[in-house]
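Need a 3D model of the following:
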Amino acid sequence: CSSNLRCSGPDWYEFGDFCYKPFGDKKTWHNARSSCRNLGADLVSIQSMKEQSWVETTSNVWTGLNDLAIPGLFMWSDEHIVTFTYWAPGEPNNHNGFSEDCVEMLHQTGRWNDKSCTQLNNYVCKMPKAHYPLPSVQPTIYGCPQVGLSRYLLPFRHLFEFHFMF
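Reported below is the predicted structural model:
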């Protein structure tokens, strides 16, 4: 097997080199970011259409994208460079003149919408895989385990449909 990098527990989901964890408790953008950071993670950043498609959920969720530092200049809270965007038509728009400095992913289309940071949303945390110890009772693995989307058969949207019930 190529690497022993893994996610920190069974409630984190692997995709590529990162681990993702959805949360169904609604928080402001700042409180959601704090919750992620308390876990050693950050709000999700999206680097490609492949990652975007995998992360799409059944509820609107906060992403780490924001223009809090410089209005109009959107940056990821985890300091990844913005190389990919997936705005909904007409976005970002500071709707009705309100200061919409944080970005949510819309569950219907996966597209992005700027929104007031004080609104409440579900959220997804993301962190790099790391060298976590194996559980004390190890499962028997034949060959190299599959990593990423093919391992789960269902896209992220379907994995978490019960986490976000209202």
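
Would you enumerate the residues in contact with the closest residue to Gln119 other than its chain neighbours?
Nearest non-adjacent residue to Gln119, counting by C-beta to C-beta, 6 or more residues apart in numbering: Thr28, 7.0 Å away. All C-beta atoms are positioned from the backbone trio N, CA, C, and that covers glycine. By C-beta atoms under 8 Å, 6 or more residues apart in numbering, the residues touching Thr28 are Cys117, Thr118, Gln119, Leu120.

Pull the contacting residues for Trp29.
Per C-beta under 8 Å, 6+ apart, neighbours of Trp29: Leu43, Trp62, Asn66, Cys102, Cys117, Thr118, Gln119, Asn121.

Return the helix or strand in the protein with minimum mean pLDDT.
helix 149-152 (a mean of 34; mean pLDDT, DSSP states H and E).

So what are the sheet partners of the lengthiest strand in the chain and their directions?
In the chain, with assignment by DSSP state E, the single longest strand is strand 18-27. Applying DSSP bridges, strand 18-27 is found paired with strand 13-15 (antiparallel), strand 121-128 (antiparallel).

CA atoms only for that strand, dumped as PDB, please.
Only the C-alpha atoms of strand 18-27 are listed here, as PDB (Å, rounded to 0.1, in the frame of the first residue of the first chain):
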ATOM      1  CA  PHE A  18      -8.300  15.000   2.500                       C
ATOM      2  CA  CYS A  19     -10.800  14.100   5.200                       C
ATOM      3  CA  TYR A  20     -14.300  15.600   5.400                       C
ATOM      4  CA  LYS A  21     -16.900  15.700   8.100                       C
ATOM      5  CA  PRO A  22     -20.400  17.100   7.700                       C
ATOM      6  CA  PHE A  23     -22.300  18.700  10.600                       C
ATOM      7  CA  GLY A  24     -26.000  19.100  10.800                       C
ATOM      8  CA  ASP A  25     -26.100  21.700  13.700                       C
ATOM      9  CA  LYS A  26     -26.700  25.100  12.200                       C
ATOM     10  CA  LYS A  27     -24.100  27.800  13.100                       C
END
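
Which pLDDT value belongs to the residue nearest in space to the middle of the chain?
For the chain, Val44 is the residue whose C-alpha lies nearest the centre (C-alpha atoms, centre = their mean; 3.1 Å). Predicted confidence (pLDDT) at Val44: the value is 98.
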